[in-house]
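K.L.:
Sequence plus the predicted model coming up.
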Amino acid sequence: MTAFLLIWSPKKWPWPELPDFARRVSAGDAVADTWGCGFARGILPGDRVFLHRVSSAPRGLFGSGYVTRAPYEVPDPTYKRGYRLCIDFVYDWLVDANREVVIARDDLRVHPFSVQTWDAQSSGTTIKPIAEGALEKRWMQLVGKRPMPALPVAGGGLTQQTAMESPAPASAPAPASAPTPARHRRAPRSA
């Protein structure tokens, strides 16, 4: 399994649903989401993602999840190429990063975390293996061991399969709890 960074800059992409998403994840709901992933086409179902708040305090990692759908193209005329790449994933942990983060940016400046470039300009950056192992260990110490969430399905029910066992097919509609993929909320303009 590989891990990737998803970047969120509240200065560029408002996220008014974040407190509700965090509450639902905390309550144990399987919350799916869609996120821009820059140019990264090598992200696979089952890979890990970690959300990193940048540009304003509190900076740091505030969420994690598992990819449920590999990168796909979403038409977007604001990009030179006419589209942006997005992934779908389901959260296993999320806090309201407007108020707190799980691992502060300053805590990522020490070895072995310091080998990673955390302040990427766009989402989809691969987390280096040495940092990934240490991050998973530290994450588990801080949030506890969490099972991979079940996938939400249209109509609000849950499947019994995990994200790795049952990735969403390319023609499947977005899960009921996922925001509309066409939004620009977290798709970096520089991607």
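P.N.:
Sure, I can see it.

K.L.:
any idea of the mean pLDDT for the helix or strand containing Val74?
P.N.:
According to DSSP states H and E, Val74 maps onto strand 60-75. Averaged across strand 60-75, the pLDDT comes to 95.

K.L.:
The helix or strand that it is followed by pairs with which strands, and in what direction?
P.N.:
Counting by DSSP H and E, the element after strand 60-75 in chain order, helix or strand, is strand 83-94. In the sheet, strand 83-94 lines up against strand 32-36 (antiparallel), strand 60-75 (antiparallel) (DSSP bridges).

K.L.:
Need the winner for burial among the ones you listed.
P.N.:
strand 32-36 (a mean of 26; mean count of other CB atoms under 10 Å). (Glycine included, C-beta is placed from N, CA and C.)

K.L.:
Does the helix or strand just after that strand pack against any helices or strands, and if so which?
P.N.:
Next along the chain after strand 32-36, taking DSSP H and E as the criterion, comes strand 48-53. On a contact count with 3 or more CB pairs under 8 Å, 6 or more residues apart in numbering; DSSP states H and E, strand 48-53 meets strand 3-8, strand 60-75, strand 83-94, helix 129-143.

K.L.:
right, and these - which one's nearest Pro16?
P.N.:
strand 3-8 (12.9 Å; CB to CB).

K.L.:
for that closest one, which positions count as buried?
P.N.:
3-8 (16 or more other CB atoms under 10 Å).

K.L.:
Same check on stretch 122-137?
P.N.:
If you call a residue buried by 16+ other CB under 10 Å, then stretch 122-137 has these buried ones: 122-128, 131-132, 134-136.

K.L.:
now the end-to-end length of that stretch.
P.N.:
End-to-end distance for stretch 122-137: 25 Å, by CA to CA, to the nearest Å.

K.L.:
contacting residues around it?
P.N.:
Identification of contacts with stretch 122-137 by CB atoms under 8 Å, 6 or more residues apart in numbering yields 2-7, 35-40, 42-43, 48, 50, 61, 71, 85, 103, 112-113, 115-117, 186, 188, 190-191.
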